[in-house]
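Colleague: Based on what follows, work out the 3D shape:
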Amino acid sequence: MVLEIFKLMKPELLLVLLLFVLLFWKLAKNEGTTATQLAVINLLLIGNLVAGLFLNFEGSVFSEVYKASTLATAEKNILNFGVCLISMQSYSWLKTHKHILEFYMLLVSTLIGFFLMISGQNLLLFYLGLELATIPLAALCNFDLEKRKSSEAAMKLIMSSAFSSALLLFGISLVYGTTGTINFPELTLALTGSPLQLFAFVLLIAGFAFKISAVPFHLWTADVYEGAPIAATSFLSVVSKGSIAFILLTALYKVFAPMHDLWYNMVMLLSIATMIIGNLFALRQQNIKRFLAYSSIAQVGFILVGISGSSQVATTSVIYFLLIYIFSNLGAFAVIVLVSAVTGKESMSDYKAFYTNNKLLSWVLTISLLSLAGIPPTAGFFGKYFLLMAGAGKGNYTLITIAALNIVISFYYYLKVVKAIFMDANEQPIEKIAIPAISRTAMLICVSGTLLIGFISWIYDHIYSLSFGF
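Modeller: I've put the predicted structure just below:
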């Protein structure tokens, strides 16, 4: 039994081991220099990523409360990869802080919570994993202790999370009250579609919508993105959203499959509202972090279009898109976090004539933005194409038309930034920024993934094979 636990819960146990290493390191008399800490921690994160690729097993433990599968393991590896990139690209910001070990302890704790949610087969474990992920994440948003905006961001996140968690918990209690179970396999069989169950399901969807920043539950997103440190913002934008999207697939496709007709209409309406509002608000942003916040909200709308397909192709397209999104979004954040750490500038106007002194950074940011817009031949084009094709599987061409029009609208505000970088005049453009080797490596990985992943067809095929029978 113990050996089975170690085999199946390897991803979580590796993170727990890493957490203890960081804790004991913090308690040591000599913590070492900042450069040493960052080098060792990045090696540990890469080691954790590599270890997650091998010796993975399928099965369940604790009376099937926790279930390991090849698809869940792949999702966890994607999140591990995202954390590695965030750590590497945040080098310039992290090296100025004294509390690096605490930052990574919070980061790892949040990741453990997401992992438990992905493998959880029980509403109670799901909720415990959610709280384990949310509380350290709020502390990460407040990591710039000397900045008032950082404290405001953390407060807004914790208040919004408390409200959404309350909705989830209320919905869970109603589900248990009407079905007599909180285990996913039994719960699916016990759903009858009664009015009280429908109300409980609406509460659960509202809770999920808060976490993933779907309209109209998105109001916290831009303020938190702007106030939080950029490393925390990139984690929120990629790892947090990705994990919730993975969990939403399980909840809708497996647990609440008997309520398909209800949740399809809800997801469709949420996706339309999220795409339109996200795009319209992104058009008028002047702060680069708020710009990416509304960009990420619009991207959630496209993810929901894919989820509405409710098929193996839909599952594959959502996971494939999130993998591409990690490369594209973190490529943009890699530039922004470096510029912010060195110059403190975060305004859109600061990037006018950025190409004058920072040619490499300009191309990295441009390629990432083109991918987020879905412009070929970047991987973002293929990601959005597969999402739309998955959504079209239901024959709802009105939804696909609205999504396509929103892609066109998004071209404007993404290309507006590209225009500012290459064409707009600026008497005092941002000076030449030295790029640390580790940040340069992260940028190279992001750009390579953004340009190549769309043409490597076996990646999509591999995800498709993993999602068989999901």
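Colleague: What backbone torsions are found at Pro436?
Modeller: Backbone dihedrals for Pro436, given as degrees, to the nearest 10, come out at phi -60, psi 150.
Colleague: Please work out how many residues are found near it.
Modeller: Counted by other CB atoms under 10 Å, the residues lying close to Pro436 total 16. Every residue, glycine included, has its C-beta placed from N, CA and C.
Colleague: Test my guess that it contacts Gln89.
Modeller: No: in this structure Pro436 lies outside contact range of Gln89 using CB atoms under 8 Å: 9.6 Å.
Colleague: So which bits of the worst-scoring helix or strand of the chain on mean pLDDT are buried?
Modeller: For the chain, scoring each helix and strand by mean pLDDT, DSSP states H and E identifies helix 2-8 as the least confident one, at a mean of 79. The neighbour-count criterion (16 or more other CB atoms under 10 Å) identifies Lys7, Leu8 as the buried residues of helix 2-8.
Colleague: name the helices or strands packed onto it?
Modeller: Taking 3 or more CB pairs under 8 Å, 6 or more residues apart in numbering; DSSP states H and E as contact, the helices and strands that helix 2-8 lies on are strand 59-61.
Colleague: tell me which strands and helices the strand it packs on is in contact with?
Modeller: Using 3+ CB pairs under 8 Å, 6+ apart as the contact criterion, the neighbours of strand 59-61 among helices and strands are helix 2-8, strand 66-68.
Colleague: now these as a markdown table including distance to Val202?
Modeller: Converted to a markdown table, those look like this (distance: least, CB to CB, whole Å):
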| stretch | distance to Val202 |
| --- | --- |
| helix 2-8 | 34 |
| strand 66-68 | 27 |
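Colleague: Looking at those, which is nearest to Lys156?
Modeller: Shortest separation from Lys156 across the helices and strands packed on strand 59-61 is recorded for strand 66-68, at 32.5 Å, computed as CB to CB.
Colleague: which residues are contacting the closest one?
Modeller: With CB atoms under 8 Å, 6 or more residues apart in numbering as the test, strand 66-68 has contacts from Leu8, Met9, Asn56, Phe57, Glu58, Gly59, Ser60, Leu116, Ser119, Gly120, Gln121, Leu125.
Colleague: Any chance of JSON lines for those, columns distance to Thr33?
Modeller: As requested, the contacts of strand 66-68 are exported to JSON lines (distance: CB to CB, whole Å):
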{"residue": "Leu8", "distance to Thr33": "38"}
{"residue": "Met9", "distance to Thr33": "34"}
{"residue": "Asn56", "distance to Thr33": "36"}
{"residue": "Phe57", "distance to Thr33": "40"}
{"residue": "Glu58", "distance to Thr33": "43"}
{"residue": "Gly59", "distance to Thr33": "43"}
{"residue": "Ser60", "distance to Thr33": "44"}
{"residue": "Leu116", "distance to Thr33": "34"}
{"residue": "Ser119", "distance to Thr33": "37"}
{"residue": "Gly120", "distance to Thr33": "40"}
{"residue": "Gln121", "distance to Thr33": "44"}
{"residue": "Leu125", "distance to Thr33": "40"}
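Colleague: closest to Val255 among those residues?
Modeller: For the contacts of strand 66-68, the closest approach to Val255 (CB to CB) belongs to Gln121, at 9.2 Å.
Colleague: Start and end of stretch 306-316, how far apart?
Modeller: End-to-end distance for stretch 306-316, by CA to CA, to the nearest Å: 9 Å.
Colleague: buried sites along it?
Modeller: Neighbour counts using 16+ other CB under 10 Å place Gly306, Ile307, Ser308, Gly309, Ser310, Ser311, Gln312, Val313, Ala314, Thr315, Thr316 of stretch 306-316 among the buried residues.
Colleague: Give me the mean pLDDT for it.
Modeller: Along stretch 306-316, the predicted local confidence has a mean pLDDT of 86.
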